[in-house]
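K.L.:
Predicted coordinates and the sequence they were generated for:
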Amino acid sequence: MPAREASPSRFVPRTRKVRILATLGPASSDPKMIRQLAEAGADAFRINMSHGSHADHAKLIAAIRGLEAELDRPTTILADLQGPKLRVGRFKEDRAELRRGQTFCFDRSGELGDSERANLPHREIFEAVEPGARLLVDDGKLVFRIVEADRDRIVTKVEVGGTISNNKGLNLPDVLLPLAALTEKDRLDLSFALEHNVDWIALSFVQRPEDVAEARRLIGGKAALLAKIEKPAAIERLEGILELADAVMVARGDLGVELPPEEVPPLQKRIVEAARRLGRPVVVATQMLESMIGSPSPTRAEVSDVATAVYDGADAIMLSAESASGKFPLEAVAIMNRIATSAEADPTHYARVHFTETLPDATTNDAIARAAGEMVRTVGASAIVCLTSSGSTARRVARERPTVPLLVLTPQIKTARRLGLLWGAHAVRTRDVSSFEEMVGKSKRMALRHGLAKGGGRIIVTAGVPFGTPGSTNVIHVARLLGDELERHRGS
C-alpha cells in the first residue's frame with residue numbers, strides 16, 4: 001500500500017532526544033493504560049516473551065497498533081525472547097540449608113536434592129565446566145567453587161551459603177557454555193512475533209557473534225535485531241557482536257549477577273561508547289527505577305542513575321517491572337520522562353554527550369551526517385529533516401547527537417516504526433519525492449505540520465539523488481521557511 005501524505009499528528013513531537021522503552025505486563029495491558037503511557041513519555045513498548053501466552057501478546061500488539069492509528073504516529077514494538085534458562089532441580093523438602101566451606105555436589109541423577117547434592121538437568125554444563133570456575137545460584141545469593149567435574153558430577157565447595165530451593169536460576173560467569181542463544185520456545189516465539197509484524201527482536205543469552213548471525217538468518221530482514229549484552233563472554237567479543245546487530249542493550253541485571261557489581265558501571269559506559277562509535281542504537285536497561293515497583297517515587301540514587309545514562313548519550317532507557325507489574329506504571333514513565341528532559345536541558349549536556357568521539361567513516365553518508373550537525377549550529381536551524389527509505393542516513397545523523405530534533409520522512413512504515421529506539425528521531429511515513437523542489441517543499445511543510453519549525457526559521461535537509469534509491473545520500477541543503485509559508489500551511 002503506498003504511503004499517504006501524513007496529516008498533522010495528534011501526538012505532540014518529543015523535544016526529548018533519549019527514547020523511553022516501557023515494558024508491558026499485567027499492570028499495563030489495558031489499551032487505555034497503554035495510551036496513557038505513550039502520552040506520559042513512552043516512545044516504544046517491550047513485550048517480554050518470558051511471560052504470558054501468545055494470545056496475551058497478540059492483544060498487546062493489537063492495542064499498540066490501534067494506538068498508532070489513533071495518534072497517527074508510528075509506534076515501536078520490541079519482542080524480547082527469553083533465551084535458555086539454567087536451573088537447579090527440586091529438593092526433597094523443597095529447600096536445603098548450606099553452610100560456608102562444605103562440599104556440595106551437582107549431578108545428573110534426576111533424584112530430589114538435599115543438603116549434600118542437587119540435580120542439575122543441563123548436560124551442556126557438565127561438558128563445559130572446569131575446576132576453579134564459579135557456579136552461582138539464585139541471582140548470586142549462593143556461590144560455589146568447582147573442585148572437580150566430569151560428565152555426570154560436579155563437586156564444589158560452598159563459598160557463600162544459605163538456603164537453596166526448587167528450580168532456582170543458575171549462572172556460570174567463568175564458562176562459555178555450548179548453548180545456542182535460541183531455544184525451541186524462542187523459535188516458536190520468534191515465529192509468532194514475526195507473523196505479527198513486531199519491529200524489533202531482542203536476543204537473550206548472547207555469548208558470541210555467531211549467536212547474532214543465527215538469529216539474523218531466522219529473522220530474514222522482517223524485523224531489526226537487538227543483542228542483549230548480559231554475559232561476560234559477550235563483553236569479550238563485543239565488537240563482533242556490534243558489527244552484526246542492529247542495536248544492543250546493556251542488560252545490567254544479569255551482568256550484575258555474573259560480574260562484581262563495581263565492574264558494571266564502567267562496562268555500561270564501554271558498551272554505550274562502542275555502540276555509538278558504530279552508529280548502533282544502545283538501550284540501558286534493568287533496575288533504573290526499581291523502587292517504583294512499590295513506591296510512587298524513586299530514590300535519589302535511581303534518579304541519578306537514569307540521568308547518567310542520558311549524559312552518556314544512550315539512545316533509549318528502559319523500564320522493566322516498574323511499568324509491567326508495578327503499582328505505579330504511569331508514574332514511572334512520567335518521572336523517567338522528567339528526569340531525561342531535565343538532564344537534556346542542562347547546559348553541560350551537549351558537552352557530556354559528545355565526550356564520546358564518533359569519528360566519521362570515509363563515506364559520503366558520514367560526511368553529510370557530520371556536516372548537518374555543524375550546519376545546525378552555524379545557521380541556527382531548528383531541525384534536521386532526513387528523507388530516507390532504509391533509515392540508515394537517520395542512524396548516521398543521530399550518531400552525531402545533533403542539538404535539534406531529527407525529522408525522518410520515509411515511505412516505509414517498517415522503517416518509521418524501527419526508528420522509535422533512535423536518539424532524537426521523529427519518524428513520519430509519507431510519500432517519496434521525485435525532484436529537488438518537491439524534496440525542499442515537503443521538508444518545509446512537514447517540519448511546520450509537526451511543530452519542529454516556525455516561519456522565518458531554517459531547517460537542514462538531507463536526501464539522496466536519484467530519489468528513492470536506498471543508501472544514496474549525497475545532498476544537504478539549508479532551507480529557510482518564510483513567514484508567509486506558515487500562513488499558507490495553515491490554510492492548506
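P.N.:
Nice, I can see it. Residues are numbered from 1 along each chain as shown.
K.L.:
hey, let's count contacts and neighbours off CA atoms from now on
P.N.:
Fine.
K.L.:
what are the ranges of the helices in the stretch 151-300 of the chain?
P.N.:
In the stretch 151-300 of the chain, the helices defined using DSSP state H, counting those that start in this stretch lie at 184-195, 209-219, 232-236, 238-244, 252-258, 264-278, 300-311.
K.L.:
Can you point out the buried residues in the third one?
P.N.:
Of the residues in helix 232-236, those with enough neighbours to count as buried (16 or more other Cα atoms under 10 Å) are 232-235.
K.L.:
Need phi/psi at the nearest residue to I34 once chain neighbours are set aside.
P.N.:
Once flanking residues are discounted, I34 sits nearest to S28: 6.2 Å by Cα to Cα, 6 or more residues apart in numbering. Phi and psi for S28, reported as degrees, to the nearest 10, are phi -140, psi 30.
K.L.:
so the residue nearest to the spatial centre of the chain bridges to which residues?
P.N.:
In the chain, the C-alpha nearest the mean C-alpha coordinate belongs to V283, at 3.9 Å (Cα atoms, centre = their mean). For V283, the beta-bridge partners are M249, A316 (DSSP bridges).
K.L.:
My understanding was that R352 contacts Y311; is that so?
P.N.:
Yes: at 5.8 Å, R352 and Y311 qualify as touching, with contact defined as Cα atoms under 8 Å.
K.L.:
Those two - which one has more neighbours?
P.N.:
Y311 (22 against 15; other Cα atoms under 10 Å).
K.L.:
And the more buried one, what's its pLDDT?
P.N.:
If you check Y311, the pLDDT there is 97.
K.L.:
And T341, by the same measure?
P.N.:
Looking at T341, the pLDDT reads 97.
K.L.:
mind checking which helix or strand it is in?
P.N.:
helix 329-345 (DSSP states H and E).
K.L.:
Give me the distance between the next helix or strand after that helix and the centre of its chain.
P.N.:
The helix or strand immediately downstream of helix 329-345 is helix 349-353, counting by DSSP H and E. The chain centroid and the centroid of helix 349-353 are separated by 21 Å under Cα atoms, centre = their mean, to the nearest Å.
K.L.:
do the same with stretch 395-414
P.N.:
17 Å.
K.L.:
Alpha carbons of that stretch, as PDB, please.
P.N.:
Taking Å, rounded to 0.1, in the frame of the first residue of the first chain, the C-alpha atoms of stretch 395-414 are listed here in PDB:
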ATOM      1  CA  ARG A 395      21.100   6.500  12.100                       C
ATOM      2  CA  ARG A 396      24.300   8.200  10.900                       C
ATOM      3  CA  VAL A 397      22.900  11.700  11.700                       C
ATOM      4  CA  ALA A 398      21.700  10.600  15.100                       C
ATOM      5  CA  ARG A 399      25.100   9.100  15.800                       C
ATOM      6  CA  GLU A 400      26.400  12.700  15.800                       C
ATOM      7  CA  ARG A 401      24.000  13.700  18.500                       C
ATOM      8  CA  PRO A 402      22.800  17.000  17.000                       C
ATOM      9  CA  THR A 403      21.300  19.700  19.200                       C
ATOM     10  CA  VAL A 404      18.000  19.700  17.400                       C
ATOM     11  CA  PRO A 405      15.300  17.100  16.600                       C
ATOM     12  CA  LEU A 406      15.700  14.800  13.600                       C
ATOM     13  CA  LEU A 407      12.500  14.700  11.500                       C
ATOM     14  CA  VAL A 408      12.700  11.500   9.400                       C
ATOM     15  CA  LEU A 409      10.500  11.300   6.300                       C
ATOM     16  CA  THR A 410      10.100   7.800   4.900                       C
ATOM     17  CA  PRO A 411       7.700   6.000   2.600                       C
ATOM     18  CA  GLN A 412       8.300   2.700   4.600                       C
ATOM     19  CA  ILE A 413       6.200   2.100   7.700                       C
ATOM     20  CA  LYS A 414       8.600  -0.500   8.900                       C
END
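K.L.:
Let me see the contact set for T75.
P.N.:
The contact partners of T75, by Cα atoms under 8 Å, 6 or more residues apart in numbering, come to 43-44, 64-65, 68, 417, 420.
K.L.:
no, scratch that, I was asking about V465
P.N.:
Contacts of V465 (Cα under 8 Å, 6+ apart): 472-475.
K.L.:
Tell me how far it lies from R108.
P.N.:
To R108, V465 is 63 Å away according to Cα to Cα, to the nearest Å.
K.L.:
Using the record, which stretches count as separate domains in this protein?
P.N.:
19-83+180-346, 95-171, 364-491 (automatic domain parsing).
K.L.:
check contacts around the nearest residue to L194 once chain neighbours are set aside.
P.N.:
Nearest residue to L194, sequence neighbours excluded (Cα to Cα, 6+ apart): K222, at 6.6 Å. Counting by Cα under 8 Å, 6+ apart, K222 makes contact with 194, 197, 199.
K.L.:
Which single one of those residues is nearest to D246?
P.N.:
Nearest to D246 among the contacts of K222: D199, at 11.6 Å, using Cα to Cα.
K.L.:
Next one: that closest one, what pLDDT does it get?
P.N.:
On the pLDDT scale, D199 is placed at 98.
K.L.:
Give me the below-cutoff pLDDT ranges for the stretch 1-150 of the chain.
P.N.:
Applying pLDDT under 70 to the stretch 1-150 of the chain flags residues 1-13.
K.L.:
all strands of it, in order?
P.N.:
Counting by DSSP state E, counting those that start in this stretch, the stretch 1-150 of the chain has these strands, from start to end: 19-24, 44-48, 76-80, 95-98, 103-107, 117-119, 134-137, 142-149.
K.L.:
For the second one, give me every contacting residue.
P.N.:
Residues outside strand 44-48 that contact it (Cα under 8 Å, 6+ apart): 19-25, 57, 60, 75-82, 420-421.
K.L.:
again, but for the fourth one
P.N.:
Contact with strand 95-98 is made by 114-115, 158, 161-166, as judged by Cα under 8 Å, 6+ apart.
K.L.:
For these, name the two members farthest from one another.
P.N.:
V158 and N166, at 17.8 Å, using Cα to Cα across those.
K.L.:
the more surrounded of these two?
P.N.:
In this view V158 and N166 are compared by other Cα under 10 Å, and V158 has more residues nearby, 22 against 18.
K.L.:
how about the more buried one, what does it touch?
P.N.:
Applying Cα under 8 Å, 6+ apart to V158 gives the contacts 98-104, 142-145.
K.L.:
if we can go back for a sec, from the contacts of strand 95-98, list just the buried residues.
P.N.:
Applying a neighbour-count criterion of 16+ other Cα under 10 Å, the buried members of these are 114-115, 158, 161, 164-166.
K.L.:
Now render these as a markdown table, adding distance to L387.
P.N.:
Formatted as a markdown table, the buried ones among the contacts of strand 95-98 follow (distance: Cα to Cα, whole Å):
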| residue | distance to L387 |
| --- | --- |
| D114 | 64 |
| S115 | 65 |
| V158 | 60 |
| G161 | 59 |
| I164 | 57 |
| S165 | 56 |
| N166 | 55 |
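K.L.:
which of the residues you listed lies closest to R123?
P.N.:
Closest approach to R123 among these (Cα to Cα): N166, at 18.5 Å.
K.L.:
surely the closest one meets L112?
P.N.:
No: between N166 and L112 there is no contact under Cα under 8 Å: 9.5 Å.
K.L.:
Can you work out which residues contact both of the two?
P.N.:
Both N166 and L112 are in contact with 89-91, where contact means Cα under 8 Å, 6+ apart.
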